[in-house]
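> the following block contains a protein sequence and its predicted model.
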Amino acid sequence: MTNLSRRTFLKASATVVAAGSVPAYFGFSEFKKAATEESVKKVPTFCHGCTSYCGIVAHVKNDRVWKVEGHPIHLKSSGRICARGHGMAAYLYSKDRVTGPMKRVGEGKFEPISWNQAFKEIGEKLDSIVKQYTGNSVLWLEHGTHRKSYVDRLFDTIGSPNFTTQYSTCFNAKTNAWLQMTGTSLNGDHKNAKYMIFEGRNFAGGIIPNGMNHITKAKEKGAKLIVIDPRFSEIAKIADEWIPIRPGTDLAFRLAMANVLISENLYNKTFVQQFVDGFSEFKRMNKEYTPEWAEPITGIKADKIREIARDFAKYAPQAFIEPGWHGLHSHYVNSTQTAQMGIILNALVGNFYEKGGLMPSASLQLGHLDLPAIENMPEKGARIDGAGVTGEYRTVEPSRGIAHITPQLVQQGLAKAVFICNYNPLRTAPDPEEQKKIKDADLVVSINIDWNETSYYAADYILPEHYYLERLEHPQAVSGHISHDNPQLALRQPVIKPMYDTKDTLDMLKGIADAMGHKDLYPFTIEQEVEAAIAPLGITFEQLKKAGTLEFPATVKPGFPMKKGKPALPTLTGKIQFSADLFKIDGKLGIPVWVPPLVEPDSKNDHEFRLIHGKQPWHSHAMTTNIEQLMKLSDKYQGTFMWLNASRAKKLGIKTGDTVTVKSKIAKKKVQVKVTELLHPEAAWLPSTYGGFSPKNRIANGVGVNFNDFIPIMVDPLSGSTMAQEVVVTVAKEGN
Ligand SMILES: Nc1nc2c(c(=O)[nH]1)N[C@H]1C(S)=C(S)[C@@H](COP(=O)(O)OP(=O)(O)OC[C@H]3O[C@@H](n4cnc5c(=O)[nH]c(N)nc54)[C@H](O)[C@@H]3O)O[C@H]1N2
Ligand SMILES: Nc1nc2c(c(=O)[nH]1)N[C@H]1C(S)=C(S)[C@@H](COP(=O)(O)OP(=O)(O)OC[C@H]3O[C@@H](n4cnc5c(=O)[nH]c(N)nc54)[C@H](O)[C@@H]3O)O[C@H]1N2
Ligand code: SF4
Ligand SMILES: [Mo]
């Protein structure tokens with residue numbers, strides 16, 4: 001396709017589909033020649049469909065992506081990707097992408113604006129906000145931390161401490177507990193395990209493609225898999241046992257497991273003596289939590305709890321409770337204690353740094369650019385969301401912040417300028433009507449790729465980033481979630497030229513900083529960043545580009561970290577701290593004790609349920625609901641339906657396919673129901689993805705409902721999470 005421009009080609013192919021014939025004036029013979037003669041290029045990069053960031057290889061012909069497949073060696077994909085990986089690649093060609101910078105001119109009305117004009121207006125506005133209210137009134141919200149190093153330079157210049165990730169809606173309780181108790185984080189070594197407990201964790205729904213591969217390999221060698229989930233999740237299908245725990249009571253189950261391990265002398269005494277601080281206090285406080293105590297709370301028979309604890313000890317150290325992700329770690333007032341108990345149980349059986357137990361991610365020392373220091377750096381005040389030791393939420397990690405309270409910060413006049421990047425709080429944070437109030441800030445800039453709810457309802461300016469298949473990024477060390485001895489480095493690189501008038505976030509920040517008068521704040525290119533990052537590794541940019549993912553010699557070995565013969569975790573004692581210092585508040589010892597959930601459905605009221613949720617294998621958060629191919633799967637599998645237990649549904653006269661009204665204190669919505677035996681009777685379960693309400697996302701808009709519709713903005717006092725399942729709803733058949 002040498003002489004035919006891509007635009008002409010697209011027009012041509014669209015017409016072919018529409019008309020079913022080939023008008024000669026489109027130069028079809030030329031197209032056909034190019035289509036048959038041009039060779040397929042295979043360009044490795046990595047997916048952006050979820051935080052697994054799987055390595056992929058894009059097949060490109062005529063500057064068009066024809067398909068993607070899993071990168072053969074990437075830790076997370078290892079040759080396979082999921083449906084979303086394919087859907088995300090197809091979304092490159094969606095008509096709903098934002099094709100150039102936009103400025104709001106009214107409610108739901110936007111006009112194109114040039115990049116230079118957008119930078120000028122945003123830069124001048126930001127400058128006046130900083131002058132009037134200080135840099136502390138500026139907030140950056142982002143899914144992840146990938147662009148943090150860029151934001152840091154601007155925030156150091158203006159004096160803002162408010163870089164915030166989406167983690168308060170994801171898994172803060174887990175990261176907080178691991179940080180406070182161990183100073184690190186470890187992954188299950190699934191492929192070498194003999195016994196795995198997946199509690200509130202679903203590798204086959206909250207997908208890591210190669211994770212499932214590791215588990216099935218272990219199972220082929222005889223490993224046992226126990227799944228503890230109020231719902232028969234996708235991973236429960238391959239489990240030896242599914243235990244439908246009463247939602248919100250995992251802490252009680254875990255306390256009782258520890259009680260069995262200690263009272264029956266099954267715990268690893270040598271390990272505990274050497275590597276644990278605070279065991280005797282824990283033992284004293286854990287005495288009352290017998291399996292008989294936990295039985296009525298969890299709905300799991302005392303004998304079953306004993307059996308699991310004994311098996312766990314029997315197979316240790318090739319046994320673990322999967323450290324988990326979202327499913328247990330942002331849902332309840334007791335989520336942090338539940339996460340603490342995950343660490344404690346694993347430590348009691350001594351599986352830390354053991355093959356088949358918990359192992360660290362293989363690490364890589366990357367280089368970085370030696371950038372000029374920021375001159376006259378203003379003093380930064382405390383974070384406006386109160387995260388961190390000097391704030392209202394002293395035990396919440398300040399590096400992550402509390403994203404979902406942004407509308408309150410705007411209403412209180414604390415947040416005047418809000419940048420929202422690769423993040424859609426209006427659909428993925430609690431109470432969308434409240435989240436809409438983010439628009440009341442003096443300046444709201446959305447850096448996203450499509451017309452998500454945040455852009456449509458809240459943004460003054462939409463600055464579209466290049467799609468992930470169109471951009472280069474500084475390289476990423478592959479880590480987390482599944483264990484791997486050899487570190488890997490993955491590169492995201494453009495597989496085609498950008499299709500529209502989009503930019504990298506680095507160039508957007510350059511433009512805004514320049515317009516504010518902070519010239520040369522970013523005196524580098526992404527290419528230079530890549531070169532600096534790989535400099536210590538002895539590889540070239542060309543090698544990395546060609547391979548996409550490179551693997552390096554093993555850095556991970558079993559064995560607890562030691563220094564001069566002493567345990568050397570980055571904690572106060574170098575040991576695992578059962579009593580976490582930061583959690584020692586209000587006279588408490590920082591040791592997990594039973595904390596009941598905040599709310600309970602009334603067992604005498606047939607209409608009341610706890611509303612719980614989970615991922616669906618073919619959707620990511622809210623963003624894939626605008627992908628046509630994936631929504632076809634939703635249609636096929638009744639994907640938008642809310643699950644109800646058969647015995648409860650019967651009492652209410654509800655059958656599969658019926659429409660019901662679901663009501664919480666803040667919302668009343670209609671949804672169709674799937675009636676099933678495979679759910680705890682106390683729960684109503686919603687797939688977490690649907691309920692799009694941006695009119696410009698034509699496929700997602702108006703399909704299904706979302707758990708966030710029903711929950712008010714709340715903050716878990718220890719980790720700052722949303723407590724998204726501390727909600728009781730009533731369910732009634734239409735007309736009742
Ligand atoms: N398909 C898909 N995969 C994804 C993502 C996605 O959006 N879609 N997102 C990625 C991200 S960012 C994350 S954080 C991970 C999340 O990965 P996971 O944490 O594994 O996924 P979830 O579905 O949120 O939760 C897991 C399970 O917890 C169960 N659960 C709910 N309440 C309770 C409870 O009270 N007790 C117990 N024991 N179980 C409970 C749910 O039924 C669900 O099956 O997935 C990642 N992968
Ligand atoms: N409704 C709902 N809420 C949830 C969850 C859920 O499953 N459903 N899950 C919870 C969890 S575990 C998490 S981690 C969070 C996730 O919360 P979000 O990050 O808000 O979720 P996403 O739906 O992934 O939305 C990200 C937005 O990024 C934009 N985007 C996509 N690709 C790019 C890109 O390449 N560049 C840029 N700049 N933008 C891009 C899209 O416009 C999309 O709207 O949500 C939490 N809350
Ligand atoms: S799990 Fe699926 S969506 Fe997530 S990064 Fe991998 S291929 Fe993409
Ligand atoms: Mo997440």
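Structure received. Ligands and ions are numbered 1, 2, ... in the order given.
> now the element after the biggest helix by length in the chain, going C-ward?
Longest helix in the chain by number of residues (criterion: DSSP state H): helix 115-133. For helix 115-133, the following helix or strand on the C-terminal side (DSSP states H and E) is strand 138-142.
> give me the contacts around that next one.
126, 129-130, 148, 151, 155, 158, 160, 162-166, 384, 403, 406, 409, 415-423, 425 (C-beta atoms under 8 Å, 6 or more residues apart in numbering). Any C-beta I mention is one placed from the backbone N, CA and C, and that applies to glycine too.
> ligand 4 contacts on this structure?
Cys170, His326 (C-beta under 5 Å from the ion).
> from the stretch 301-450 of the chain, which residue is nearest to ligand 4?
His326 (4.7 Å; C-beta to the ion).
> distance of that residue from ligand 2?
Distance of His326 to ligand 2, computed by C-beta to the nearest ligand atom, to the nearest Å: 4 Å.
> need the contact list for that residue.
Contacts for His326 (C-beta under 8 Å, 6+ apart) come out as Cys170, Phe171, Gly206, Lys615.
> again, only using 6 Å
Cys170, Phe171 (C-beta atoms under 6 Å, 6 or more residues apart in numbering).
> that one falls within a strand, correct?
No: read with DSSP: H, G, I helix; E, B strand; the rest coil, His326 is coil and lies in no strand.
> quick one on the thing from earlier: select only the buried ones of the contacts of strand 138-142 in ChimeraX?
To isolate the buried members of these in ChimeraX, using 16 or more other C-beta atoms under 10 Å:
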select :126,129,130,151,155,158,160,162,163,164,165,166,384,403,406,409,415,416,417,418,419,420,421,422,423,425
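> domain assignment for this structure?
Following automatic domain parsing, the chain resolves into domains at 116-170+393-487+500-535, 172-355, 608-733.
> list the buried residues of the helix or strand hosting Val530.
Per DSSP H and E: Val530 is located in helix 526-534. Within helix 526-534, the residues that count as buried by 16+ other C-beta under 10 Å are Ile526, Glu529, Val530, Glu531, Ala532, Ala533, Ile534.
> helix/strand/coil for Ala648?
That one is not Ala; residue 648 is Arg. Applying three-state DSSP: Arg648 is helix.
> and it, what does it touch?
Here Arg648 is in contact with Pro681 (criterion: C-beta under 6 Å, 6+ apart).
> hmm, back to that, could you check the angle strand 138-142 makes with the longest helix of the chain?
Angle between the axes of helix 115-133 and strand 138-142 is 130 degrees (criterion: axes from the mean of the first three to the mean of the last three C-alpha atoms, to 10 degrees).
> which residues does helix 115-133 contact?
The contact list for helix 115-133, computed with C-beta under 6 Å, 6+ apart, reads Pro101, Ile158, Lys416, Ala417, Asp442, Leu443, Tyr461, Gly511, Ile512, Ala515, Met516.
> give me the number of residues near Leu582?
The number of residues packed near Leu582 is 17, by other C-beta atoms under 10 Å.
> Ala177 is in contact with that one, correct?
No: the criterion here is C-beta atoms under 6 Å, and Leu582 misses it with Ala177 at 10.3 Å.
> where does this protein have low pLDDT?
1-28, 30-31, 33-35, 735-736 (pLDDT under 70).
> quick one, longest strand in it?
Identified as the longest strand of the chain according to DSSP state E is strand 668-676.
> the contacts of strand 138-142: which ones sit near ligand 3?
Residues of the contacts of strand 138-142 in contact with ligand 3 (C-beta under 6 Å from any ligand atom): none.
> of the contacts of strand 138-142, which belong to strands?
Using DSSP E, the contacts of strand 138-142 in strands are Phe163, Thr164, Thr165, Ala417, Val418, Phe419, Ile420, Cys421.
> which ones, among the residues you listed, also lie beside ligand 1?
By C-beta under 6 Å from any ligand atom, no member of these lies near ligand 1.
> now the closest residue to Leu426 other than its chain neighbours. Its backbone dihedrals?
In space, and not counting its chain neighbours, Leu426 is closest to Glu453: 3.7 Å by C-beta to C-beta, 6 or more residues apart in numbering. Torsion angles at Glu453 (phi, psi; degrees, to the nearest 10) stand at phi -60, psi -40.
> is it true that Glu453 touches Thr428?
No: counting by C-beta under 6 Å, Thr428 is not a contact partner of Glu453; they are 9.0 Å apart.
> buried ones in the longest helix of the chain?
115, 118-123, 125-127, 129-130, 133.
> in CSV, list those along with distance to ligand 2.
Formatted as CSV, these follow (distance: C-beta to the nearest ligand atom, whole Å):
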residue, distance to ligand 2
Trp115, 15
Ala118, 15
Phe119, 17
Lys120, 21
Glu121, 20
Ile122, 16
Gly123, 19
Lys125, 20
Leu126, 19
Asp127, 23
Ile129, 22
Val130, 23
Tyr133, 26
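> which residues touch stretch 485-497?
With C-beta under 6 Å, 6+ apart, stretch 485-497 has contacts from 43, 45-46, 55, 58, 60, 63, 75, 362-364, 469-473, 475-478, 544-545, 548-552, 554-556.
> contacts only, for the closest residue to ligand 3 within the stretch 251-400 of the chain.
Ligand 3 sits closest to Trp325 of the stretch 251-400 of the chain, with a gap of 12.4 Å, by C-beta to the nearest ligand atom. Shown in contact with Trp325 (C-beta under 6 Å, 6+ apart): Phe171, Gly206.
> same question, Thr454
The contact partners of Thr454, by C-beta under 6 Å, 6+ apart, come to Ile420, Asn424, Pro425, Leu426, Ser446.
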